[in-house]
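Participant: Got a predicted structure plus its sequence, pasted below:
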Amino acid sequence: MVVNRFPGRSTDDYEDYEDWDMYELRQRVNLLQSFAKLADAILAEAIYLANEYEAGEEEYTVIEKRPVMLRMTAV
């Protein structure tokens, strides 16, 4: 099986299934069903986030160390 990406084209456009055996067809169906479930879960999560949260800002302080030149003192 060769995987190619073509934007704007359906997943299985121009696919010829006549040469596929039943195992390969079942694997393809399982893959597409899994993908559809994942897409549904992502969409449901996006809807939940859109309904339950709003964009905002918060202010915070970051304490960091940085290299500097320190003058040596005579001992």
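Facilitator: Perfect, I can see it now.
Participant: Where does pLDDT dip in the chain?
Facilitator: Where the chain drops to pLDDT under 70, the residues are 1, 3-14, 75.
Participant: so how far is A74 from the residue nearest the centre of the chain?
Facilitator: Geometric centre of the chain, nearest residue: I42, 9.4 Å, by Cα atoms, centre = their mean. Going from I42 to A74 by Cβ to Cβ, to the nearest Å gives 66 Å. Every residue, glycine included, has its C-beta placed from N, CA and C.
Participant: And L49, by the same measure?
Facilitator: L49 is 62 Å from A74, by Cβ to Cβ.
Participant: more crowded one of those two?
Facilitator: Between L49 and A74, counting by other Cβ atoms under 10 Å, L49 is the more crowded of the two (10 against 3).
Participant: Okay, and the more buried one sits in which element?
Facilitator: Taking DSSP states H and E as the definition, L49 sits inside helix 22-52.
Participant: Check which helices and strands that helix sits against.
Facilitator: The contact analysis (3 or more Cβ pairs under 8 Å, 6 or more residues apart in numbering; DSSP states H and E) places helix 22-52 against no helix or strand.
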